[in-house]
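> Predicted coordinates and the sequence they were generated for:
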Amino acid sequence: MNVEHPLLDDAEAHTEEELHAMAVLAADWQEKDTSDPLDSALRAAARVNLILALRSCLRNNVGRYMYYWKDARRFKDEMISEGLLALTLLMNDLTHDFLSDRNILTIASRRIQYSIEEFLNNNLAASSPGMSKQRSLLREGNEPLYHVGNDIADVPESFQPAEVGDEWKRDALQILNGLAEDSIDEAILDRYNWGRTHQELAEELGVSISTINRHKAKLLERYLAR
């Protein structure tokens, strides 16, 4: 679906080779000491150029949600904002090791999708069967599945959140937020990554699947010990 927006109107599609070259340049500056003001400006320029080049990817993803999920069309501006924020945060992860076995276009698209889906799930009372299932459906040429929930007034009282008595839920979230001891733990607990396979997490973090398994086991031990 064509997406018209001032921030995307001049977005041009780039080849994977062109995007990879821009990502490598951004990674070069990311790993350099930029205490010098000129170097700092050049690093910022490399990051901005890559974000601008990835706007075509953002436009395609927003168009997909608007096409398959008509109720999301009223959130076009918000989806674009979420996608741009995801791309900006992605720039902080760019290193040569990160890019050694990763396709920047694939990673960018994935980050955009996670950010948009979290926003829509939070604001549209909508849900999907899970990211892995969605990707499987798309690979098979089928439409992704979305379920738009009813207004809370139509939900039975037994399923509605209580004003009191739900303290354990808030306590559980606070415990989860305090379990991480390193960046791998933080990635595992990050809601952007919920529903992803161990292999996907391992590939994105540049570690082995066994490392992900060990960290998840330790997180569970620490959670049960609280």
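Everything's here; your move. Residues are numbered from 1 along each chain as shown.

> what helices or strands is the biggest helix by length in the chain leaning on?
Longest helix of the chain, by residue count under DSSP state H: helix 104-123. Contacts defined by 3 or more CB pairs under 8 Å, 6 or more residues apart in numbering; DSSP states H and E place helix 104-123 against helix 16-30, helix 55-68, helix 76-91, helix 131-139. From N, CA and C alone the C-beta is placed, and that goes for glycine too.

> In TSV: those, plus mean pLDDT.
Output for these, formatted as TSV (pLDDT from 0 to 100):
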stretch	mean pLDDT
helix 16-30	92
helix 55-68	90
helix 76-91	92
helix 131-139	64
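
> Could you say which of these is packed most deeply?
A comparison of those by mean neighbour count, using mean count of other CB atoms under 10 Å, puts helix 55-68 on top with a mean of 20.

> closest one to Glu118 among the helices and strands packed on helix 104-123?
Judged by CB to CB, the one of those that comes nearest to Glu118 is helix 76-91, at 7.9 Å.

> roughly how far is whatever helix or strand comes next after that closest one from the heart of the chain?
Reading on from helix 76-91 to the C-terminus, the next helix or strand found by DSSP states H and E is helix 96-99. Distance of helix 96-99 from the chain centroid (CA atoms, centre = their mean, to the nearest Å) equals 18 Å.

> name the helices or strands packed onto helix 96-99?
Judged by 3+ CB pairs under 8 Å, 6+ apart, helix 96-99 is in contact with helix 16-30.

> coming back round to it: among the helices and strands packed on helix 104-123, which comes closest to Asp185?
Of all the helices and strands packed on helix 104-123, it is helix 76-91 that lies closest to Asp185, at 18.0 Å by CB to CB.

> how close does the closest residue to Asn123 other than its chain neighbours sit to Asp185?
Leaving aside its chain neighbours, Asn123 sits nearest to Phe75 (6.8 Å; criterion: CB to CB, 6 or more residues apart in numbering). As for Phe75, its distance to Asp185 is 32 Å (criterion: CB to CB, to the nearest Å).
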